[in-house]
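**Student:** Give me the fold of what follows.
(chains A and B)
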There are 2 protein chains.
Amino acid sequence: MKKDNFGAGPCILPPSVFEQASQAVLDFNESGLSLLEISHRSPAFTEVIEEAQETILELTGLKNKGYYPLFLQGGASTQFLMVAYNLLQNKAAYLNTGRWASNAIKEAKLFGEVIEAASSADKNFNYIPKNYEIPEGIDYFHCTSNNTIYGTQIKEFPQVNVPLVCDMSSDIFSRELDFSKFDLIYAGAQKNMGTSGATLVLVKEEILGKVQRQIPSMMDYQLQISKKSLFNTPAVFSIYVSLLTLRWLVKKGGIKAMEEKNKKKADLLYSEIDRNPAFEGIVEKEDRSFMNVVFKLKDDGRQNEFDNTCKEAGIVGLKGHRSVGGYRASLYNALPISSVENLVEIMTWFERKA
Amino acid sequence: MKKDNFGAGPCILPPSVFEQASQAVLDFNESGLSLLEISHRSPAFTEVIEEAQETILELTGLKNKGYYPLFLQGGASTQFLMVAYNLLQNKAAYLNTGRWASNAIKEAKLFGEVIEAASSADKNFNYIPKNYEIPEGIDYFHCTSNNTIYGTQIKEFPQVNVPLVCDMSSDIFSRELDFSKFDLIYAGAQKNMGTSGATLVLVKEEILGKVQRQIPSMMDYQLQISKKSLFNTPAVFSIYVSLLTLRWLVKKGGIKAMEEKNKKKADLLYSEIDRNPAFEGIVEKEDRSFMNVVFKLKDDGRQNEFDNTCKEAGIVGLKGHRSVGGYRASLYNALPISSVENLVEIMTWFERKA
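**Tutor:** Numbers count the residues shown, from 1 in each chain, chains lettered A, B, ... in the order given. All right, here's what the predicted structure looks like:
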């Protein structure tokens, strides 16, 4: 039985991506070699990474606008560090919307002064702060577009007159945005863009080179750009899976089509949460994420019963993060609407069964 | 036609590893889920990483000796930086045997004084320096066990009374060593241990925690150990490929069996290079690597002819590194003896054809 996979990441990808990636491990493009045994400096792999970069620039509308798409390693947690290494000369401001934003703040503090422009820690991050002031004299402003753990999402990004840096790990390519508002976007690939091991950094080159410190080679965006992401051996397989996922995304109509599908899935599930007396949402309605839907049972005593019901129905990855509890349904691009329909059906059945 | 892949890395792996990895991308352990869509915190993946760690400790004889095997991201180039971040308080000594050693030295200099204990730069790194003095008062000594680009390999490691750090990226698990002589071993996985994206760091815990600086989380060995390599999302697929490769290695008789096979392959090829008047070796004989055999044509004018001969015979990955020229045959664990036999046959045929 094929599962309905609501996991928060690494997460579901399109079946065609799994098939093509699996085939490439046996024989890459009928070369007689596995994707895993070819040189990262071979023309075959250069084509992979260049097509992935080109596709990202086209999807985001950032082509010929001074941006470079890097494929690095180490996930968003390494970017917490690299952003500060490369951009934080004196002070920076961060919006604290949860665990990952807090971690980003913690790493940046090793490099300079960090001002928390606003925080939703007072309510366990169940909302997005608004109407806060942007501090003066900062090197950049950092925010997290979607908070996987808490199920909140920024709908309106702040207007700033300094570089705007955004961790889009959990909602990149899921909705239309004016990407040119951002100067540096980073994202671990393992949600909407591929599998773990690759990290996208989409950076406007003009913001770089302004700090005084010496930056270690692997941490240096300018060096990585000059080497076209091939300063050292990259995560070849993970980058290829990103390319396959990006190709699928384009074929399915691009970001606009993803947004429509994701909103449909989210509306379906939030409507059921609001309607069904057995469940309740946790997040402020206006800040609800279209990617990670966090909810809980009104009666905690029925948890085992609901868990078993899901298990029998082939629904996996629904457990909430331990810092929030309850349930979390992640609705990433590749999750079909049918999976949400199955979940809603189970929730309705569960209500009536009581 | 199946190719004879002499590539320097990412490189040939056992066919069974390609088959099992390919299958796992479709359906991991008959779970109904792809390996690429499971959580890195799931029991299924925890088993993968723990078995890989256990196997490494057993292969190296380092079990219950205070070592921890980490699976990190970023390759050896990130380790150049992490080693210094975690161990370099005042000064360290490095043995300079080539490009990668030089890069390691460069990164370490950002963190403290670095003494080059010895260097073979005077002869384009075609030998391993010997009989050099170990400087006094150093925090650690760093060396590179095998130099992929130049085809040299340390046969006798220096005796030091400080932590001994070794970059074993290109010959780990290829020969029997007293691994307990080393305090920190690191290796990009993409030669003998798997595919790119995973990096092994095998570290004796007692050497950690002695520097005064604050270490960013992702760079901090102690933090990574406390989180069992799961501080953030690791390169799931790459770690699984490492596990498959390690299982194969054990099944084939472990490091001892690999060493015998690798020596056979190297002897076969070096004998031909020494015998065949069309070719010549580049490296001092006593320092010749059993992993990367570097050689050239005596008559440069026949290069296209030899390249085409190899291509027709299905021999790939033989081009030397641009800083050395000529040819480089990498004989990693998974390369069958038959591939070397094919190459030797071609070389003999090429000699007679002249």
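**Student:** need the helices for the stretch 1-150 of chain A, in chain order.
**Tutor:** A:15-26, A:43-60, A:75-87, A:99-108 (DSSP state H, counting those that start in this stretch).
**Student:** need those in TSV with distance to residue B:253 and mean neighbour count, can you?
**Tutor:** The C-beta positions use only the backbone N, C-alpha and C, and glycine is treated the same way. Shown next, in TSV, are these (distance: least, C-beta to C-beta, whole Å; neighbours: other C-beta atoms under 10 Å in any protein chain shown):
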stretch	distance to residue B:253	mean neighbour count
helix A:15-26	25	20
helix A:43-60	33	18
helix A:75-87	36	25
helix A:99-108	44	21
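**Student:** do you know which of the ones you listed lies nearest residue A:313?
**Tutor:** Residue A:313 lies closest, by C-beta to C-beta, to one member of the helices of the stretch 1-150 of chain A: helix A:15-26, at 19.5 Å.
**Student:** Average pLDDT for the closest one, rounded please.
**Tutor:** Averaging pLDDT along helix A:15-26 gives 98.
**Student:** and that helix, C-alpha only, in PDB?
**Tutor:** C-alpha atoms of helix A:15-26 as PDB (Å, rounded to 0.1, in the frame of the first residue of the first chain):
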ATOM      1  CA  PRO A  15       7.000   9.400  -7.800                       C
ATOM      2  CA  SER A  16       8.600  10.300 -11.100                       C
ATOM      3  CA  VAL A  17      11.500  11.800  -9.200                       C
ATOM      4  CA  PHE A  18      12.000   8.600  -7.200                       C
ATOM      5  CA  GLU A  19      11.900   6.500 -10.400                       C
ATOM      6  CA  GLN A  20      14.400   8.700 -12.300                       C
ATOM      7  CA  ALA A  21      16.800   9.000  -9.400                       C
ATOM      8  CA  SER A  22      16.600   5.300  -8.800                       C
ATOM      9  CA  GLN A  23      17.500   4.600 -12.500                       C
ATOM     10  CA  ALA A  24      20.400   7.100 -12.400                       C
ATOM     11  CA  VAL A  25      22.000   5.200  -9.600                       C
ATOM     12  CA  LEU A  26      22.100   2.100 -11.800                       C
END
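**Student:** ok so, going back, could I get the helices of the stretch 1-150 of chain A in TSV, plus columns for distance to chain B?
**Tutor:** Compiled in TSV, the helices of the stretch 1-150 of chain A are given as follows (distance: least, C-beta to the nearest C-beta, whole Å):
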stretch	distance to chain B
helix A:15-26	4
helix A:43-60	9
helix A:75-87	4
helix A:99-108	5
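**Student:** TSV for these, including distance to residue A:338?
**Tutor:** Below are those laid out as TSV (distance: least, C-beta to C-beta, whole Å):
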stretch	distance to residue A:338
helix A:15-26	13
helix A:43-60	25
helix A:75-87	30
helix A:99-108	30
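**Student:** Residue B:95: which of those helices is closest?
**Tutor:** helix A:75-87 (28.4 Å).
**Student:** if we can go back for a sec, to residue B:19, which of the helices of the stretch 1-150 of chain A lies closest?
**Tutor:** Using C-beta to C-beta, the helices of the stretch 1-150 of chain A put helix A:15-26 closest to residue B:19, at 7.1 Å.
**Student:** If you compare the directions of the closest one and helix B:15-26, what angle comes out?
**Tutor:** 180 degrees (axes from the mean of the first three to the mean of the last three C-alpha atoms, to 10 degrees).
**Student:** Could you list the residues of the stretch 201-350 of chain A in contact with chain B?
**Tutor:** A:214, A:216-219, A:231-238, A:241, A:314, A:316-317 (C-beta under 8 Å from any C-beta of the partner chain).
**Student:** Restricted to helices, list those.
**Tutor:** Counting by DSSP state H, the part of those found in helices is A:236, A:237, A:238, A:241.
**Student:** Closest to chain B out of these?
**Tutor:** Among these, residue A:236 lies closest to chain B (C-beta to the nearest C-beta), at 4.9 Å.
**Student:** count of residues packed around that closest one?
**Tutor:** 28 (other C-beta atoms under 10 Å in any protein chain shown).
**Student:** Would you agree residue A:41 is in contact with residue A:228?
**Tutor:** No. Using C-beta atoms under 8 Å as the test, residue A:41 is too far from residue A:228 to be in contact (10.5 Å).
**Student:** Of those two, which one has the most company?
**Tutor:** The residue with more neighbours, out of residue A:41 and residue A:228, is residue A:228; 15 against 11, by other C-beta under 10 Å.
**Student:** Give me the nearest residue to that one, chain neighbours excluded.
**Tutor:** residue A:49 (7.5 Å; C-beta to C-beta, 6 or more residues apart in numbering or on different chains).
**Student:** what's the spacing between that neighbour and residue A:251?
**Tutor:** 20 Å (C-beta to C-beta, to the nearest Å).
**Student:** Spell out, range by range, the strands that occur in the stretch 101-250 of chain A.
**Tutor:** A:113-119, A:141-144, A:146-147, A:152-153, A:164-167, A:184-188, A:199-204 (DSSP state E, counting those that start in this stretch).
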